[in-house]
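J.: Prediction below, plus the sequence it came from.
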Amino acid sequence: MTSYTDAQIEEALKGLPGWSQEGEALVKSFEFADFTAAIAFVGRAAGPIDEMDHHPEWTNVYNRVDIRLSSHDVGGVTDRDVQLARVLERVAEAS
């Protein structure tokens, strides 16, 4: 697996609202109604994330979950990161 070029990342971001490139990663902050809703999102996302065996860097502060996706083994953004971003979008939409 090889990392995306900046042009490939830019193209992928067109289909990922609210996501952006930060260095060698895709990033997004998801905001929810409150802490309980934010943690519920994390819980719902855990299963699909584990199935993909591609785990994000994320932090939670009250109603916000900040996510950073990067394939550390190749040093950049790959198909796995874009696919995981799409999965996280679907989980958030179902919230």
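T.: Cool, the structure landed. Numbering: from 1, shown residues only.
J.: Longest helix in the protein, please.
T.: For the chain, the helix that runs over the most residues, judged by DSSP state H, is helix 35-52.
J.: give me the element the residue nearest to the spatial centre of the chain is part of.
T.: Geometric centre of the chain, nearest residue: Ala85, 4.0 Å, by C-alpha atoms, centre = their mean. Ala85 is part of helix 79-93 when elements are defined by DSSP states H and E.
J.: Counting neighbours, which bits of that helix end up buried?
T.: Arg80, Asp81, Val82, Leu84, Ala85, Val87, Leu88, Glu89, Val91, Ala92 (16 or more other C-beta atoms under 10 Å). Bear in mind the C-beta positions are built from the backbone N, C-alpha and C, glycine included.
J.: ditto for stretch 28-37
T.: Lys28, Phe30, Phe32.
J.: tell me which of the buried residues of helix 79-93 is nearest to Gly47?
T.: When the buried residues of helix 79-93 are compared for distance to Gly47 (C-beta to C-beta), Val91 wins out at 9.3 Å.
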